[in-house]
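**Student:** Sequence first, then the predicted structure:
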Amino acid sequence: MPELPEVETVKRGLEPVLTGAKITRVDVRRAGLRFPFPEGFAQALSGARVKGLSRRAKYILGDLDTGFSLIVHLGMTGRFTTLTPQGLQNLGEFYFETGSNESADGPHDHVVFHLEGGTRLVYSDPRRFGMMDLVETARLDQHKLLRDLGVEPLGNALSADYLAAKFKGKAAPLKASLLDQRIIAGLGNIYVCEVLHRSKLSPKRMAGSVKTDKLEELVRHIRDILNEAILAGGSTLQDFQHTDGGQGSYQQRFAVYDREGEPCTCGGTIKRIVQSGRSSFYCPKCQK
DNA sequence: ATCATGACCTGTTAGC
DNA sequence: TGCTAACAGGTCATGA
């Protein structure tokens, strides 16, 4: 699920549960996810209090009162569920059927955070592409996973001039360049497709060939689409049962993503191509 | 250096 | 209905 809007939604859902909360114990059900958990991971978290949460790109960061920070990436299928003593609670975008998963011992429930007061926070991740690590907060910026990240797409550092400098002389297609986390950190496959469509730019277009005034437009659409998606609670591409309330709904507004063969608003037909191993959806008629 | 591809895993879906 | 192949929001390590 998780591109920037989905990660932001999850972070916002976690905030009321975790801010100020004390972690009493952490159960780790396997050696790691994408990478092994660091040495002493569970012990280092036990007894820590969460001072606050933040997001960098698609990473959720937990600032702990021990001087360490928890880094979490949801990969493709990572999810958090809270189990309160009163029952299940939704976390922003994700809703779960009450009664399912209450034991937190499903085959994909890999990490359980026990909080003071009895609430449990369960991390599940079928594909295990997610990541968790602990790092001294003072050295957070130098962490391997974070140090090479580019600008936040919703921050002030993203501008047409910034992109012009990064794209100068670049032969790689726009699609791949916008997915490059070293340039802009947080965009993923869906939102890049959507942004390119609204900008009327072909995903195949060489990044270096886009003029600055067009880059202005591109930047505006990046911000607009991400903000719209965050407002919608992200996009939910799988059918969760019992969606009683607001699960992510931005998928209903996709102009091109996963719409191969359907008509574009311009009258053209949406096409799917593969670029760097991933699907690009676009309209050859209006995206040049 | 830049760029594209395969690898990592499991689950769901389309097609025969 | 059942099997198989293709595909999926992620990033990283590789080899050209």
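**Tutor:** That came through, no problem. Residues are numbered from 1 along each chain as shown, chains lettered A, B, ... in the order given.

**Student:** for DNA strand C, what are the nearby residues on the stretch 51-200 of chain A?
**Tutor:** A:57-58, A:73, A:75-77, A:127, A:129, A:144-145, A:179, A:181, A:187-190 (Cβ under 7 Å from any atom of the strand). Yep, even glycine has a C-beta here, placed from its N, CA and C like the rest.

**Student:** among the residues you listed, which are in strands?
**Tutor:** Judged by DSSP state E, those include A:His73 as members of strands.

**Student:** Restricted to buried residues, select the residues of the stretch 51-200 of chain A next to DNA strand C in ChimeraX.
**Tutor:** Buried subset of those, written as a ChimeraX selection, criterion 16 or more other Cβ atoms under 10 Å:
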select /A:57,58,73,75,77,145,179,187,188,189,190
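
**Student:** Give me the phi and psi for the closest residue in space to A:Leu64 that isn't next to it in sequence.
**Tutor:** Excluding its sequence neighbours, the residue lying closest to A:Leu64 (Cβ to Cβ, 6 or more residues apart in numbering) is A:Ala48, at 4.3 Å. With angles defined as degrees, to the nearest 10, A:Ala48 sits at phi -80, psi 150.

**Student:** Now do the contacts for A:Ala48.
**Tutor:** A:Lys22, A:Ile23, A:Leu64, A:Asp65, A:Thr66, A:Phe68 (Cβ atoms under 8 Å, 6 or more residues apart in numbering).

**Student:** And the top helix by length along chain A, what does it pack against?
**Tutor:** For chain A, the helix with the greatest residue count under DSSP state H is helix A:212-231. Helices and strands touching helix A:212-231, as assessed by 3 or more Cβ pairs under 8 Å, 6 or more residues apart in numbering; DSSP states H and E, comprise helix A:4-18, helix A:160-167, helix A:189-198.

**Student:** which residues are in contact with the longest one?
**Tutor:** For helix A:4-18, contacts defined as Cβ under 8 Å, 6+ apart pick out A:2, A:50, A:53-55, A:57-60, A:62, A:74, A:79-80, A:82, A:89-94, A:115, A:119, A:121, A:153-154, A:186-188, A:191, A:226, A:229-230, A:232-235, A:248, A:250.

**Student:** Quick check on these: which are buried?
**Tutor:** Applying 16+ other Cβ under 10 Å to the contacts of helix A:4-18 flags A:2, A:50, A:53, A:55, A:57-60, A:62, A:74, A:79-80, A:82, A:89-94, A:115, A:119, A:121, A:153, A:186-188, A:191, A:226, A:229-230, A:232-235, A:248, A:250 as buried.

**Student:** if I pick the residue in the stretch 151-288 of chain A positioned nearest to DNA strand C, what's in contact with it?
**Tutor:** The minimum distance from the stretch 151-288 of chain A to DNA strand C, using Cβ to the nearest atom of the strand, falls at A:Gly188 (1.6 Å). Listed by Cβ under 8 Å, 6+ apart, the contact set of A:Gly188 reads A:Pro2, A:Glu3, A:Leu4, A:Lys58, A:Leu179.

**Student:** picking up where we left off before, if you look at the residues of the stretch 51-200 of chain A next to DNA strand C, which of them are in helices?
**Tutor:** Among these, the ones falling in helices (DSSP H) are A:Leu179, A:Asn189, A:Ile190.

**Student:** ok, the closest residue to the last one other than its chain neighbours to A:Phe41 distance?
**Tutor:** Setting aside the residues directly before and after it, A:Ile190 is nearest to A:Tyr257 in space (Cβ to Cβ, 6+ apart), at 4.9 Å. When Cβ to Cβ, to the nearest Å is the yardstick, A:Tyr257 and A:Phe41 sit 36 Å from each other.

**Student:** Between these two, which is the more surrounded one?
**Tutor:** Neighbours were counted for A:Tyr257 and for A:Phe41 using other Cβ atoms under 10 Å; A:Tyr257 has more, 24 against 18.

**Student:** That's all I had, so thanks and see you.
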